[in-house]
Every structure is written in structure tokens, then in C-alpha cells.
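Undergrad: build the 3D model from these lines:
(2 chains, ligands or ions: 4)
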Amino acid sequence: MSRTEAVLVLQDGTMFEGEAVGALVPSGVATGEVVFNTALSGYQEILSDPSYAGQMIAFTYPHIGNYGVNDDDLESHRLFCRGVIVRDLARRSSSWRATGELPDFLVHHQVPGITGIDTRRLTRHLRDVGAMPAAMGTDEAAVRAAARDAAGTDGLDLVADVTTREPYTVGDADAPFSVVAYDFGIKRTILRRLIGAGCRVEVVPASTAAADVLARNPDGVFLSNGPGDPAAVVGATAEIGKLLGEVPVFGICLGHQILGRALGATTTKLRFGHHGANHPVRHESTGRIEITSQNHNYVVQADTIPGGADVTHVNLNDGTVEGLRVRGIPAFSVQHHPEAGPGPHDAAYLFAEFTGLMTAT
Amino acid sequence: MPRRDDLHSILLIGSGPIIIGQACEFDYSGTQACRVLRREGYRVILVNSNPATIMTDPEFADATYVEPLDVESVTRVIERERPDALLPTIGGQTALNLAISLHDAGVLDRYGVELIGASVEAIHTAEDRSRFKAAMEEIGLAVPSSGFAYTVDEALSVARSIGYPVVVRPSFILGGGGTGIADDEDGLAEIAAHGLATSPSTEILVEQSVVGWKEYELEVMRDTADNVVIVCSIENVDPMGVHTGDSITVAPAQTLTDVEYQRMRDAAFACIRRIGVDTGGSNIQFAIDPDTGEMVVIEMNPRVSRSSALASKATGFPIAKIAASLAVGYRLDEIRNDITGETPASFEPTIDYVVTKIPRWAFEKLPGSSPVLGTQMQSVGEVMAIGRTFPESLQKALRSLETGRMGLNCDPAEVVADRGTVDELVHAAATPTPERIFLVEAALRKGASVERLHDTTGIDPWFLDQMLAITEGRAELADRTPNELTRTEWRRAAGLGFADAQLAYLWDVPSERVREARLAAGVSATFKTVDTCAAEFAAHTPYHYSTHEDEDEVAAVTRDAVVILGSGPNRIGQGVEFDYCCVHAAFALSDAGYETVMVNCNPETVSTDYDTSDRLFFEPLTIEAVRDICDALRRDGPRLAGVIVSLGGQTPLKLAHALEAVGIPVLGTTPASIDLAEDRERFNELCEALAIPQPDGGIAANADAAAVIADRIGYPVLVRPSYVLGGRAMQIVYDAETLASAMAELIGEGSLGREGGLSAERPALVDRFLEDAVEVDVDAIRDHTGEVLIGGVMEHIEEAGVHSGDSACAIPPPTLTPEVIATIEMHTRALAEALSVCGLLNVQYAVKDGSVFVLEANPRASRTVPFVSKATGVPLAKVAARVITGATLAMLRDEGLLVPPATGGHVAVKEAVLPFNRFPEVDTVLGPEMRSTGEVMGVDRSFGLAFVKSQAAAGNALPMSGTVFLSLADRDKPGGLGAARRLVELGFALAATTGTAAALEAEGLPVAVIVAKVGEPGIDAVDLISSGQIDLVINTPRGHGPRADGNHIRRAATRHRVPCITTVAAALAAAAGIAEWATSEPSVRPLQEYHRDGQLPLGV
Ligand SMILES: Nc1ncnc2c1ncn2[C@@H]1O[C@H](COP(=O)(O)OP(=O)(O)O)[C@@H](O)[C@H]1O
Ligand SMILES: Nc1ncnc2c1ncn2[C@@H]1O[C@H](COP(=O)(O)OP(=O)(O)O)[C@@H](O)[C@H]1O
Ligand SMILES: [Mg+2]
Ligand SMILES: [Mg+2]
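TA: Ligands and ions are numbered 1, 2, ... in the order given. Just a heads-up that it's a prediction; the model follows:
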């Protein structure tokens, strides 16, 4: 069996040794911000989630690729993440759903990777120093150099790279609700959920002006998930501000952060963010606990939320804001992923809340 | 909702004796529940008949009743204690079924006892297969098509409508009791009959077979506010058709896409909500069609289970502990995750390693049983191993089993599998057996494809490919040498789970050389932490496992540390008793200010609970693993006081020498002394020197030598290997040819490196077999100043020749004279001194015609230590642990740890529990090879009453009236007649086989029914027993050699659940007990009261 040794070097110089897998990037060295994800299953959904644009994903679960890949579990048409870091990439998969193997999938989508490293050491390190830019490749010297001046995601408008160029519509023409969805990096599972809830969804570029949205007179506007720093998505935030009160708004993840900022709240970066499928969230009005799927590095800062809005959901691990609702105005959002894909379905009821809101107004 | 203040006292029911399907996982859950509820300030009342458990320690409950787990006894406990509530979900199927019976008998209503955790309604819906099926269909979950039957004919007609093969599954069972797969009408008729007999509600489910589908389990928790979480997913390597308890299983699920996993999770939520388990843990089993993903629900257990113990150890999420808190009102988000310390328990653990569980079977001890796995659980224990990858955890688990294997082959024992050709191997692998996994690897190594093996075994291709990775890794290493391997290559080898010992075999060099080369290349064991969160948060509990990566997480030792080696998987001969001793050592030593470090690989135990000791290493008990742990602990300085090898049974004792050899201090009795006692030849010399009589005998390493000895001392002789436990491979031999074959067997085992195997350095003993001798067990402790404490003198009910582990015994000794007891104590002290024991010593004696012979001495904790402690109130294991670490008995007396024994006013009887109901084809006659899986204790004010309780607790409740069927060997007739007369006086009618009948009538005893000899015309014994006219069978085997005679009688008794006594001694005890019981008011009392009572010296 032929093996090519490779290294992963973090900006602080910490090095991990492993073997190269996946695509060979032209330059021979891949860079990106390393984040770890603790989900036990759903690697294909995670890899194809546009929210990971600019990041290299380290999976804490050691065996990745066990059940191969298939077309239904893709969250977008291509992969935006910059690299994959695993302890053990499956040599051979087994699943009646599989149409291919993960290693080939990575090559096909030009995503480089490294396997065989001590991912637990990496996770413990990131836990302490925070998500960090890094580089990986086969030439240690080159990698070290690249790691030193690799950039993080702060202040970067990655949405511009992932949003759709042209509007497109999904769902039945005669669906009860018509929704305009801002595409900051929208996941297919979200669209499936909206359609399932009875929506026809027109997905529009992140740069779409509020006026153009209202001109379509939708029953509701959806603000999607997406990559990077909400503070960098300036234009959209302003436009969303104009929609509040005009039409029911529902935001998820980055969409939630943008709604928060539109309301005047500030967002800050967590040390290493929430990336996994087991985060407990309390629904304040019912006291019920939801196990949620999460993928974000930034949060809406609780103490900056203006009086006009209430915190509806709280993360029980660290007390961060998981949900917002604007008083008197039909607009709400959650930080976690009620659509799951991957992850638990505990929060799926939120899509019904959205349609409920649209019916009410 | 916070703690329920309307409750004050809570009754817990334990699971009783260790039996197949119900092992010490329920001691673990019960102990956790007791701790939690007491910490919450409730008065805890516990009933459990098993004295070997930690939960029955007086300090774990306010009132501890060691009484039979039947409606009568528990009703008395309820009358006496008037608990507010009963928590039935932590004592396995036994507690659950008993709770239902108490409810049905109206006891709970009468005394206003509230069931908490699960309602009667919920238990019925989950356990009654018909109601469960209906419930699942109601919420739209698929179950295999099936029908119910209450008679064999109904079963046959159901099968006609579904089509064969079908699976038979009785309601309210455990460990697949009574289940089976039938391919045709004849098969079904038999299996259905057995199934109906097994089900408490004589209801069976006849179900479409989904053999070969993937089998999964989810561990679910729910709280009063209807918050639900999945703690762990488990995937079976052996597909449907092999009981989960007999399957190699892996956590987390490996081959499910998230879409499928979430669908299963949603189904589990719907299921627990529909069944209505108010709070606590449940286990739900699913089957998935590998070709279409079709999912069906197999069953739900509305209680903590074997799998929930596994899940707790696999994730660090203490299910039983949390279930107990939920049962008294707490919500998941009100409970802290004590591993992270900061996050709540309302989350789903995520892990960054792979856990593999492998069952341990005991077929070799049950001649006649066939080692084929099916829907009935047959394993007696299990091991768990943690690795960063599946290959690593699989190989670690295989060496944890202690079956002489070092991993997935690549060891001397692989020759057996390697004999076969590819086709033979693939063919053999089609049948699930304990050996299958080794055959699979051998087949892969010889070129069989993953597809081909998948087709024949049904094992998922992913698992097979992972095994292939091990095989290919081996091939890459084969033609290399230790010194030329690069660091990366070493890491890859270790990452595939190869132990130094395996590579040493591969390269034919000493392990030591492999180790040196590996360390020289910079690859050493690194320890990771089990933390419930894949390192997302800092962990505060040092629960570790080894691997070979970059980073080691073992914190520096700050106080003097003591490593306690556990006893590995439960097996016949070594069970929960030894875990009890290790756990007590951990408690006593941390009280004494030591840092305690536990090493064990048995997920069912209390010892592997992360808060039993200061540090837990979940590792195989091999010299390599223990050495790596000690190195890690010694890294930052010489704080390691040493290792305790004498509390975990034979397992750690075997490591004593090797540990000393590599410079790891062994605490307590020195390896040299251990050798002196274990090496039966040298031990004989010692006894001679001390003038302590022993049965005449000699040492033989081969058949001829054995024959010579036998001719000298005369038959019958007993053949005993050295360094064994549970009488492994021990035989009573009455003639020359049997002796020859016995020796041949031992030599065979030896060549496979099996336990009890014979070899030049491990010869066998050939002893004169003392017939009709009384056997006595003694547990003593000697401290380094030479003071000896006699902990307990136990008189066996059955005669010597019945293994000490299989015979009942009593404290204080009912018939031994003070002189004999004095002699026994004298010999014991002399031996303790001569062996310069420091810690526990167990000596076994045979008393014949007043003279005392020593049979063996074990310089370690024995099976009876917990029984003695429950009987006398003296915490022997704690005292021993302190003595081993340097304390003197005098000191401990002053401290108040060593209290005088309380034996006044009560008698305690221990009875063994045997697994014959699982192995109907096995003869029930007791012999020198131990076969019991567990034990119970009966305690009362007199021997008779205690004996009756012990029988009831063991599931052989003695009849108080009716007909007794006697069939006695000639030599047993005199004694047997005594018992018969007693029973006649008590109003019993007699039935007997012709010979016995003649003897009885000669004595003027009326025989109502005379039973014909086998094959002769007249009333047939088996028919008589089957017809239900017999209430008690007393059958002592006639003749010698393979004691076949009377076997059919004993089998019939087992099959029809008629209590069966096979020795005269037990018959006399039974008669005495029945007599007393008939004339006295039965009562129950907690241990705490017995121990408070008059403290007389032992043996009076
Ligand atoms: N319909 C079926 N087809 C094939 N195997 C089955 C079927 N139902 C159960 N089994 C097998 O029998 C085993 C025992 O059945 P189960 O109902 O779980 O008994 P228990 O209650 O003792 O766990 C299961 O682990 C599974 O392997
Ligand atoms: N010489 C003997 N005469 C009669 N019975 C014996 C003799 N030696 C051993 N036994 C019986 O065999 C059983 C097992 O022998 P033992 O040496 O104790 O094996 P183990 O070490 O497995 O406990 C004993 O409990 C005793 O009942
Ligand atoms: Mg089961
Ligand atoms: Mg013995």
C-alpha cells in the first residue's frame, strides 16, 4: 500500500504527522482555519455544508468514511471547506445507500486531507488556544511557512464566495406559502424542510436588496446559515433591517446572527465555537431541552440585545444565546440547526412556527 | 422538577445471584442507585439474596436484607419497613418481574408503596410481547410479522401463516431464555414447548426470522419533563440470530449514515414515550435489513440492563446513577455531568474512540453443551476494550478475555485455526461460535474475500475489512525485524492493536526485545481520557485507556499510589466476589490517604465505575498493559507504592512474578510465597515439613507417571492441575484407563496454552480422593508482624469432591467439633506463618473420621470473603488491603476498622446457583470441577431455617409437603434412609426406584410409588416427574466413572423445575430445614441488626 507522509502545522507552530489523503492542491500546501466537529455521524453533510468555507474540518470521531458517500446526503453542489483532518479514513465503506467512497469523493471535489493524526491532541489544543489558521501538505518546510501567514476567517466576507449567483426557485408552484430565502450558504436540508412545511422557496443572492425582496411580496423571508464572520456581511444586514416588520422573518445560524446585528446587537467570536450534534439547548418558554446540531464560531452577545427582542433559547453548556424573537414584529431566529442534516430532529418544530407566523400575518 | 420531598424511604430490589443473562452489571447499577438515593437523604431499604455483591454491604443502605427474592420474603420486608416507594428498574429482569408480582398480589396497594421509575402499565406494555407489538404498530413502527401462541398447536398454525424459519420469543424473559429459531414443524414443536415453559405468562411470540439483519441497540434516558436523550448506540458485529449478550458488539454504531441513525433515534423516542417509561434508562433493540435499510423494532427493556452498564462504561455517562436521580424527580438539566463538572446531564455523549465488547463463555466447563451461539444467551461474562480505532479495540478486547489469546490470532494458539484450508475455514465460520472470529481472520489471511465471508457469516463488510487491515498489517510486518522498524511503522502496528507479545510471536523473538526496539523508536503507550465529549470540555475524572499516539493525558501522581489489579471477565470460578474485594480495597485505601488506581477490563463491574477509585485504567490485565500503566504513573517520580495482585482472584496473581521481574513492587505476600502455595508439588513438601496431613499423592507431568502414583496410593484418585481456579480440568478417576484419558486431555490443553493445561513446568497432582469427607474452607489474614486473624471457618454441606464453589456451606460450622475447629485454626496459622503471608489466605480442608487433611491453600482473596463479611460483619477485604499496605491488625483494631465478628444468634448459609436450566443436556451431578455461576445466602436464627432460605433464594424452594422421589446409590442408602424417615415423619409420601424402595421398605418406610429401572416395564421415572406428581427429587449418582446413571432423572427434574438434591448431606440438611420451617414463624431481618447482635468468637 503506498502512503505519502504529510503534516499539519498550526499557526502557533504545533505540528501533527500523518498521511496525505484526498486531493493534491496545486500549490502542494492547503491552508484554512481549523475547527473540530464532534458529531459521530454525518461527515458527508458536514463536508458539503457551505458554512465551512475557509475552514479545515477536524473530525473528533476516529473512523470517517465508513458508510461511503451518496447523492442524497449532499448539502450543496460542491465542497467549500479547505481540508479534512481525520484519525482514520475508511479503506472501504459499507452501506446500501452508498454510491461511492469518501476518498474518491474528496479527490473529485478537490478537497485535500490528512489522516492518521492524533486528532484528540489537536482538539485539546484548539480547545485551549481556539480555532486557528493552519496549513497542511507533504513538504514540512513549505507547510510551516504557509502556516505562519495563513489567514483566519475574522472580518472575511466568505458569504460572497458561497451565495448563489442567480435566484432560483424550489418547491411546488401551488405551495401554500411563498418564501424568499437569502442564500448566505444555504444547506439543501433547510430547503427540504421548508418545502416539507409547505413553502415554495425562491433562493436569492446575499446581495439582494430588501426592495427587490418585498417586490416579490413573499409570505415570509428566510435568512440562511453561512460561513464566517457576520460582521463582514454588512450589506445584507442593512437590507434585513428594512424587512423587519414588513414580512415574517426566520433566520438560522448566520441568518440568526445577521438578524441580531440588524436589531443592533453585536456578535463576538467564541474560542472554538460549537460544531457537533449533541448540544443541549433550553427552550425558555417551555423549559424543554432540545439536543441540537450546531456549527458556528460567532454568537450574538446576550447583553447587547436591544430591549425590543427576547432570548428564546439558551445553550446549556455555556449559556450563549441560541434563539431570538422580536417583540411585536414577526421575526425570530435560532443559532442552532433545526433542520439537522446531520443531527437530531428535536428542533424541527421551528419550521412549523415559521409557517404559523406566516399564516398569522 | 427538583427532588421529591413527599418520599422518605425507598425500597430497592437487587437482581439476586449471578446467572447467565444477569451478571454483576446489576450490582453496579444497584450500588450506584443506593449511593445516589442515600446522598439525597432518603432511607434506602435493599433486598438482594446475593452476598457477593457490593450493594449488599451494610454501609450502602440503611437496611440491607439478604433474603430470597420472592413475593413472601419481600412482602415481609415491606411489612417491616413500610417504604414509601419501590424502584424496580435497577435490579434487572428479576426485580422487574418481582415488582409486578408484588403489585399483582396487591402487596404494593395494601402497604401504599408507590412504584417509581416505571409504572406497572409501562412494564407490561414493554415486557408483554403482544402488547409491545400492538403499541409499536400503533405508533407506526415496524416489527417482524408474527403471531402469539399459548399452546404448541397455536404456535404451529402461526408459523404456517408466516412461513419458516421462525423465531420463538417468550414474554417476560431475560437472556433470550426459551428463545430459538425453528426451520420446520418438528423444530418449532420442541422450541415452542420450551418457550412456553420459560415464560412466566406462558405466552410466546412466533415471529418471522430476520436472521442476518444488522442488530443495533440504543440506550435511551427520559426524565419527568419528557426530555429524552440517547446515551449510546451499539452495533452488533454478529448479526441478528445471535443474542446481543453473546454478540461481539461495538460502540458507537459504525455503519449507519446520519439519516438512518436519526430515523432510529426518532423511533427510540417514539417508543419510550409510547411505552410510557416515566423516568430513567431503557434499552431498545432494532434490526436493519442490510440491503434495503428496512428497520424493525425487536424489543425494549424498560430498565437499566447489561447494555446500559456497557454504555455507561463506554461513554462515561453513568446511566444507573442518573436514572436513580430522575426517579426521585430531578430533570436531566438539573443534574451535572460529573466528568466535565460544568455541563449538564441533558446532552448526548460523543466519543472519540471505539469500544468493543466480547462475551466470555464457559462451554469447556459444561461437558455435553455445544458451543454454538444462538438467540439464547450462554455467555457468563464479558470484557470491554477501548481503542482509538476498531482494530485496536478488537485486539485489546480479545486479549482481555484471558482465554490464552493475545489478539486476533498472531499468537501460538492460532495453529488451531490455521490447520484449515480456506474453504474449510469459510465453511466453519458460517456457524457462530466463540472461535468464529479467529477463523474469519485465518480465512482472510489465506485469501478469502470480504464478500465471501460476508455472505457466509453475515458480518458487515466494514468490520471484515477492518479485520483485513489487521491481517494486511501483519503481512507488512512479517518479514521485518524489530530494529529496522521506523517510528511511523511502529505506530501503525500499535495502532492496529498488535501487542508486543504478538509481534514477538510473529518474529520469533522475546517480547522484551520487541518492547525495547519499540521504545527505542520512540513509540510508547499514551493514555487518553474517557470524557463524554470528545475533548470539547476539560475532564475532571481520570478514566483512561491506552493507545500509541502523540499525547499522554495521565496527570502526575501526587500522593502514594496503589495499583489494584481487578479480576477481568466474570467466568465460572471467578466472579463478582473478587470485584467486591478490589472495590473494598479501593475504598479502604483512599480512606487511608492513598491514591487508588484500578485496572480492569470488565464493564459489568463496580470496580470499573470511574468514581470507585481515584484513577481508572480500562485495560486488559496483561503484563504489558499493567507495565505501561505503572510506567506512566512513575514518570514524574517514585510515588507508586506498588501493585496489589491478591484481591482479583487468579487473574492478577498470575502476573505477580512478571511484575516483580520488571521491577514493579508487588504488595503483600511475595511472589515467591505465592509460588510456594500455588505450586502443588512444593506445597506438599511444605505441609510435610509442617506435619500437616495431606491426602496421599504425587506429581505427574505425563500419563505414565500418573499411573505409577495411582497404583501406589490406590483408586479413586483426583487429578488436579496447578495454577487454576474453579477446579478447572479437575477429575475424580476410578480406574487406570480413565486416568490415561484424563492426563491426555490435560496435555492437549497445555499445548494450546489454555488454563489448567499441562506442561513440564506446570505438572498435575494425582491425589488420593477422600470419599465422604467433610470439606471446610477458612479465610484468614496475616499481617507483617505475624498476627493471624481467622476470618471465618465454613463447613460445607456437600462432601469433599464437590467443588468448594459448588457446595453449600455454613457459618458457624454446624457439626464440626471444637477439637477439629481448633486443629483447623492451628494448621491455618502454621501455613500463614510458613508462607509468610501478608494479607489474605484461604485454606481448604477435608475432615475424614475426625482427622483433618489440607487440600490447598490460596494466598489470596477467595470466593468466600464477601460471604464471611456479610455473615460476621468483619470487613475482611478492607482489613486485608490495609494489611497489605503495611498496617497491622492491632492498628486496625484501634482505628475501629477491624471489629469483632458477630456470629451470636444467627447462622448464615451460602448456596451455589448452577446454570443447568440453560444447558439441559449437561448432567447436574456436582463434582470437583466448579460450574456454578453465582451464589445466594440464607441467614436466620438457626441452621435449618437459614438452609431453607438459601434453597428458596437459589430457586429450588423446598416443598413443605407432597411426594419425594428417592433414587440412591448403594453407598448412600444408609444416610439416605435417615433423610427419608425424617421426611415421612413430616408427612411426605415417598416414591423410589426398585433398589432404593426395597431398602426403604426394609426399614419399614412406606413407598407409595415404585419406579421401574430404566428400560424395564413399569412406571417410568421421567414420566412420573414430568406428570408433576413429584415435589422433590433426591438422586445420588450410582456407580463411578462418567456418572451417567440417574442422569435422566436429574435432567427431567431440571426441565420440569422440580428441586433436585444430589448428595445425602444436602438431603439431610433439607429434611432438617423443612422440619424447622414447618414449626416456626418465618421472619426477615436486616444485616445491620444481625451485625449489631451479640458478638461471640467464630466457630462456636
Ligand atoms: N425476528 C427475529 N429474527 C431473528 N433473530 C431474532 C429475532 N428476534 C430476536 N432475535 C434474536 O434473538 C435475540 C434475543 O431476543 P430478545 O427479544 O432480545 O431476547 P432478550 O429479551 O433476552 O434480549 C436478539 O438479540 C436477536 O439476536
Ligand atoms: N484429595 C481430595 N479428596 C477429596 N476431595 C478433594 C480432594 N482434593 C480436592 N478435592 C475436592 O476438589 C475441589 C477442588 O479442589 P481445589 O484444589 O480446591 O481446586 P481449586 O483450586 O480450583 O479450588 C475441592 O473443593 C474439594 O471438594
Ligand atoms: Mg434483547
Ligand atoms: Mg479450592
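
Undergrad: in chain A, what residue is nearest ligand 2?
TA: In chain A, the residue that lies nearest ligand 2 is A:Pro62 (41.9 Å; C-beta to the nearest ligand atom). (Glycine included, C-beta is placed from N, CA and C.)

Undergrad: now that residue, nearest residue through space, not along the chain?
TA: A:Arg87 (3.7 Å; C-beta to C-beta, 6 or more residues apart in numbering or on different chains).

Undergrad: for the one you found, what are its contacts?
TA: By C-beta atoms under 8 Å, 6 or more residues apart in numbering or on different chains, the contact set of A:Arg87 is A:59, A:62-64, A:115-120, B:352, B:388-389.

Undergrad: how does it look with 7 Å?
TA: A:Arg87 is in contact with A:62, A:116-117, A:119, B:388, counting by C-beta atoms under 7 Å, 6 or more residues apart in numbering or on different chains.

Undergrad: distance of it from ligand 4?
TA: From A:Arg87 across to ligand 4, the span is 47 Å (C-beta to the ion, to the nearest Å).

Undergrad: tell me how far that residue lies from B:Val964.
TA: The gap separating A:Arg87 from B:Val964 is 66 Å, by C-beta to C-beta, to the nearest Å.

Undergrad: re earlier: ramachandran angles for the residue nearest to A:Pro62?
TA: phi -80, psi -40 (degrees, to the nearest 10).

Undergrad: next one: B:Leu739
TA: Dihedral pair for B:Leu739: phi -60, psi -50, per degrees, to the nearest 10.

Undergrad: B:Arg615 now?
TA: According to degrees, to the nearest 10, B:Arg615 has phi -140, psi 140.

Undergrad: so who does the residue nearest to the spatial centre of chain B touch?
TA: The structure's chain B has its C-alpha centroid closest to B:Asn570; by C-alpha atoms, centre = their mean the separation is 3.9 Å. The contact partners of B:Asn570, by C-beta under 7 Å, 6+ apart, come to B:18, B:23-24, B:380-381, B:576, B:602, B:604.

Undergrad: inside strands: which ones of these?
TA: Those of the contacts of B:Asn570 mapping onto strands are B:Gly381, per DSSP state E.

Undergrad: and which of the contacts of B:Asn570 is nearest B:Gly368?
TA: Of all the contacts of B:Asn570, B:Gly368 sits closest to B:Val380, with 16.3 Å by C-beta to C-beta.

Undergrad: part of a strand, is A:His279?
TA: Yes. Looking at A:His279 with DSSP: H, G, I helix; E, B strand; the rest coil, it is inside a strand.

Undergrad: pretty sure it is touching A:Asn295, no?
TA: No. Using C-beta atoms under 7 Å, A:His279 is not in contact with A:Asn295, being 10.1 Å away.

Undergrad: follow-up on the earlier one: compare the contacts of A:Arg87 and tell me which is most surrounded.
TA: Among the contacts of A:Arg87, A:Thr119 has the most neighbours (other C-beta atoms under 10 Å in any protein chain shown), with 29 neighbours.

Undergrad: just the pLDDT for the nearest residue to that one once chain neighbours are set aside.
TA: Closest residue to A:Thr119 apart from its sequence neighbours, by C-beta to C-beta, 6+ apart: A:Arg87 at 4.6 Å. On the pLDDT scale, A:Arg87 is placed at 98.

Undergrad: and A:Arg87, how far from B:Glu595?
TA: When distance is defined by C-beta to C-beta, A:Arg87 is 31 Å away from B:Glu595.

Undergrad: equivalent analysis for B:Arg160, please.
TA: Counting by C-beta to C-beta, the gap from B:Arg160 to B:Glu595 is 66 Å.

Undergrad: more neighbours: these two, which one.
TA: A side-by-side neighbour count of B:Arg160 and B:Glu595, using other C-beta under 10 Å, places B:Glu595 first with 21 against 13.

Undergrad: and that one, what is it in contact with?
TA: Counting by C-beta under 7 Å, 6+ apart, B:Glu595 makes contact with B:557, B:559-561, B:614.

Undergrad: next one: phi and psi at it?
TA: Main-chain dihedrals, B:Glu595, degrees, to the nearest 10: phi -90, psi 120.

Undergrad: with the contacts of B:Glu595 in mind, which one is nearest to ligand 1?
TA: For the contacts of B:Glu595, the nearest to ligand 1 is B:Asp614 (35.8 Å; C-beta to the nearest ligand atom).

Undergrad: and for the closest one, the neighbour number?
TA: Using other C-beta under 10 Å, B:Asp614 has 21 neighbouring residues.

Undergrad: on that earlier part again, now distance to A:Val69, pLDDT and neighbour count too, for the contacts of B:Asn570, in TSV please.
TA: Formatted as TSV, these follow (distance: C-beta to C-beta, whole Å; pLDDT from 0 to 100; neighbours: other C-beta atoms under 10 Å in any protein chain shown):
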residue	distance to A:Val69	pLDDT	neighbour count
B:Ile18	46	95	30
B:Ala23	41	90	30
B:Cys24	43	93	31
B:Val380	43	95	28
B:Gly381	40	96	27
B:Val576	47	95	32
B:Asn602	39	98	31
B:Glu604	38	97	28
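
Undergrad: dihedrals phi and psi, B:Val509?
TA: Per-residue torsions, B:Val509: phi -130, psi 160 (degrees, to the nearest 10).

Undergrad: which residue is the nearest non-sequential neighbour of it?
TA: Spatial nearest neighbour of B:Val509, excluding adjacent residues (C-beta to C-beta, 6+ apart): B:Pro482 at 6.4 Å.

Undergrad: let me see the contact set for the one you found.
TA: When contacts are counted by C-beta under 7 Å, 6+ apart, B:Pro482 touches B:507, B:509, B:513-514, B:517.

Undergrad: for chain B, which residue gets nearest to chain A?
TA: Minimum separation of chain B from chain A (C-beta to the nearest C-beta) falls at B:Asp258, amounting to 3.4 Å.

Undergrad: wait, that residue sits on A:Ile46?
TA: No. When contacts are counted by C-beta under 7 Å, B:Asp258 is not listed as touching A:Ile46 (9.0 Å).

Undergrad: just the CA trace of the lengthiest strand in chain B, in PDB.
TA: The longest strand of chain B (DSSP E) is strand B:788-799. Taking C-alpha atoms only, strand B:788-799 is exported to PDB below (Å, rounded to 0.1, in the frame of the first residue of the first chain):
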ATOM      1  CA  VAL B 788      -3.200 -14.100  62.200                       C
ATOM      2  CA  LEU B 789      -6.900 -13.300  62.100                       C
ATOM      3  CA  ILE B 790      -9.200 -16.200  61.400                       C
ATOM      4  CA  GLY B 791     -11.900 -14.500  59.400                       C
ATOM      5  CA  GLY B 792     -14.300 -17.500  59.100                       C
ATOM      6  CA  VAL B 793     -14.500 -21.200  59.300                       C
ATOM      7  CA  MET B 794     -17.000 -22.600  56.800                       C
ATOM      8  CA  GLU B 795     -18.400 -26.100  56.900                       C
ATOM      9  CA  HIS B 796     -19.500 -27.400  53.600                       C
ATOM     10  CA  ILE B 797     -22.800 -29.200  53.300                       C
ATOM     11  CA  GLU B 798     -21.800 -31.400  50.400                       C
ATOM     12  CA  GLU B 799     -18.900 -33.800  50.900                       C
END
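
Undergrad: partner strands of it and their direction?
TA: Paired strands of strand B:788-799, with direction, are strand B:774-782 (antiparallel), strand B:809-811 (antiparallel) (DSSP bridges).

Undergrad: turn these into a markdown table, including mean neighbour count and distance to B:Gln262.
TA: Formatted as a markdown table, the strands paired with strand B:788-799 follow (neighbours: other C-beta atoms under 10 Å in any protein chain shown; distance: least, C-beta to C-beta, whole Å):
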| stretch | mean neighbour count | distance to B:Gln262 |
| --- | --- | --- |
| strand B:774-782 | 26 | 54 |
| strand B:809-811 | 27 | 55 |
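
Undergrad: residue numbers of the stretch 451-600 of chain B in contact with chain A?
TA: By the rule C-beta under 7 Å from any C-beta of the partner chain, the part of the stretch 451-600 of chain B lying against chain A is B:460-462, B:465, B:469, B:488, B:528, B:533-536, B:549-551.
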